[in-house]
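A.B. asks: need a structure here:
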Amino acid sequence: MKKLLISPSKMALGEQESQIYQNILKQASDISLNLMAVKVENHPEDFLGWCYELLSASRDRINYDLLEDKQLPTLKKLHDLLISAISFLQLKTLRVAPWPVIAGFIEQHKELVALDEQLRLAKYIAAIKSQSLKEMIPEDRLAFSGKHSASLDPSSYNFDVEWFASTKNAKGFHQMLSDLPGAFDEALAHIPLEGEVTQEHYQHFMVAYFMAFNGSDEKPTLAPATRLLAMRRPDVFTPIVNSKLDALCAALGITKLNNRDFERYWQDVVEAIHSMPWFKMASAANELEQSLVEIKALLPNLFYYADKSTADNSNYIKLLNKPKSTTSSAGKKTVRRGKESAEILVDRALANDDIPEHIKAKRDSIISEVEKGRSVEETISLMRAIFG
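C.D. replies: Numbers count the residues shown, from 1 in each chain. Next up is the predicted model:
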């Protein structure tokens, strides 16, 4: 372990990497005796590999029984620093890497980042983004804006809507979006669905987005705005998440954005990513790469740290694996749906080729059950069991 801890001092680290290394050492020193008890056989010669190895050693192989309670926050801080460092180092490769390297990295890590699920979300958004937010059913509006809800039936939404950039903590934004979706439509209308998007388009969006909050106690913030922009044009706008902003800004070599840095977002994030070699040369050699090219501005989000638990923490997977209750209880909360939502979700399911005509004839009954909170898939399965 001692050899592992000092090995970065022999690497040719840049200024940012050196500072990260020193910060990691400060945390490691407080639990050095515990770390020394961990057997280390892998000694990477690069800083990214070193961060992965130290994270594995300090998280998966350390003896937690020998740690004092007061040391646990230090260990957690160490893990957070290592995860942030891994994200920074992986994102930093975007500056110089050509398209084949970027596409290869994503394919290599597709299981860890739940790529298939993320692409299903992107495909779903592509199918609904021509609608206005005002016209969308509430569930689709949540999918577009990036907030999970129990009303998102996994048989209809086979993905976690919070991939790419979760907005679950932007409560004021979601209240405004629910109350005045038309105001956000006016902002998004300035961003063309096809063709070039200019800084002037973005500035018009920015003014209209600010106007949506006029007369409200809520303040317009950057992160949820970038989610809306990224879903409208995933080939142009990279969404940001406040919790991962340190790594992104460090990788881009810019001062950290604050939640009102709308002007800097275009200059320091959008234009910077558009100028990168991989972004300019992105082209499809196969079906997977074609899917990636269509959402190329979202791809930096696939370079944040991910491990075996990342895919399992998908809200879609959690809903899918949630045990079904066999008994009803008086205090059980039922997630009811509006009639319009139920009708649209049922009609989408009934449009599948494998649904027989006698089940389609039960449309009204299925809608009624879905309104009450039953899932579409469960209701249709029940109808099949009853009517053959």
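A.B. asks: helices along the stretch 1-150 of the chain, start to end?
C.D. replies: 2-6, 15-29, 32-36, 47-60, 72-92, 99-108, 115-128, 138-145 (DSSP state H, counting those that start in this stretch).
A.B. asks: mind putting those helices into JSON lines with mean neighbour count, mean pLDDT and distance to residue 212?
C.D. replies: (Each C-beta comes from the backbone N, C-alpha and C, glycine too.) Listed next are the helices of the stretch 1-150 of the chain as JSON lines, based on neighbours: other CB atoms under 10 Å; pLDDT from 0 to 100; distance: least, CB to CB, whole Å:
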{"stretch": "helix 2-6", "mean neighbour count": "13", "mean pLDDT": "93", "distance to residue 212": "51"}
{"stretch": "helix 15-29", "mean neighbour count": "16", "mean pLDDT": "94", "distance to residue 212": "37"}
{"stretch": "helix 32-36", "mean neighbour count": "15", "mean pLDDT": "92", "distance to residue 212": "51"}
{"stretch": "helix 47-60", "mean neighbour count": "19", "mean pLDDT": "96", "distance to residue 212": "41"}
{"stretch": "helix 72-92", "mean neighbour count": "19", "mean pLDDT": "96", "distance to residue 212": "31"}
{"stretch": "helix 99-108", "mean neighbour count": "16", "mean pLDDT": "96", "distance to residue 212": "34"}
{"stretch": "helix 115-128", "mean neighbour count": "17", "mean pLDDT": "96", "distance to residue 212": "20"}
{"stretch": "helix 138-145", "mean neighbour count": "22", "mean pLDDT": "95", "distance to residue 212": "13"}
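A.B. asks: turn those into TSV, columns for distance to residue 228.
C.D. replies: Putting the helices of the stretch 1-150 of the chain into TSV (distance: least, CB to CB, whole Å) gives the following:
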stretch	distance to residue 228
helix 2-6	44
helix 15-29	31
helix 32-36	44
helix 47-60	33
helix 72-92	22
helix 99-108	24
helix 115-128	11
helix 138-145	6
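A.B. asks: quick one, strands of the stretch 101-250 of the chain?
C.D. replies: Using DSSP state E, counting those that start in this stretch, the stretch 101-250 of the chain contains no strands.
A.B. asks: relative to helix 138-145, how tilted is the helix or strand harbouring residue 348?
C.D. replies: Following DSSP states H and E, the helix or strand that holds residue 348 is helix 339-350. With axes from the mean of the first three to the mean of the last three CA atoms, to 10 degrees applied, the angle from helix 339-350 to helix 138-145 works out at 80 degrees.
A.B. asks: list the buried ones in the very next helix or strand once past helix 339-350?
C.D. replies: Next in sequence after helix 339-350, counting helices and strands by DSSP H and E, comes helix 357-360. Buried positions in helix 357-360, judged by neighbour count with 16 or more other CB atoms under 10 Å: 359, 360.
A.B. asks: just stretch 146-161 next, same as before
C.D. replies: In terms of neighbour count (16+ other CB under 10 Å), stretch 146-161 has its buried residues at 146-148, 151-157, 159-161.
A.B. asks: also stretch 228-239?
C.D. replies: Using 16+ other CB under 10 Å as the test for burial, stretch 228-239 gives 228, 229, 230, 231, 232, 233, 234, 236, 237, 238, 239.
A.B. asks: got TSV for these, with pLDDT and distance to residue 2 too?
C.D. replies: Below are the buried residues of stretch 228-239 laid out as TSV (pLDDT from 0 to 100; distance: CB to CB, whole Å):
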residue	pLDDT	distance to residue 2
228	97	50
229	98	48
230	98	45
231	97	49
232	97	52
233	97	50
234	98	46
236	98	48
237	98	46
238	97	40
239	97	42
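A.B. asks: mind giving me CSV with those and columns for distance to residue 216?
C.D. replies: As requested, the buried residues of stretch 228-239 are arranged in CSV below (distance: CB to CB, whole Å):
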residue, distance to residue 216
228, 17
229, 20
230, 24
231, 23
232, 23
233, 26
234, 28
236, 28
237, 24
238, 27
239, 23
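A.B. asks: tell me the one among those residues nearest to residue 168.
C.D. replies: Set against residue 168, the nearest of the buried residues of stretch 228-239 by CB to CB is residue 239 (13.5 Å).
A.B. asks: distance of that closest one from residue 58?
C.D. replies: Going from residue 239 to residue 58 by CB to CB, to the nearest Å gives 31 Å.
A.B. asks: next one: residue 200
C.D. replies: Remark: distance between residue 200 and residue 58 (CB to CB) = 49 Å.
A.B. asks: same thing with residue 336?
C.D. replies: Where residue 58 is concerned, residue 336 sits at a distance of 46 Å (CB to CB).
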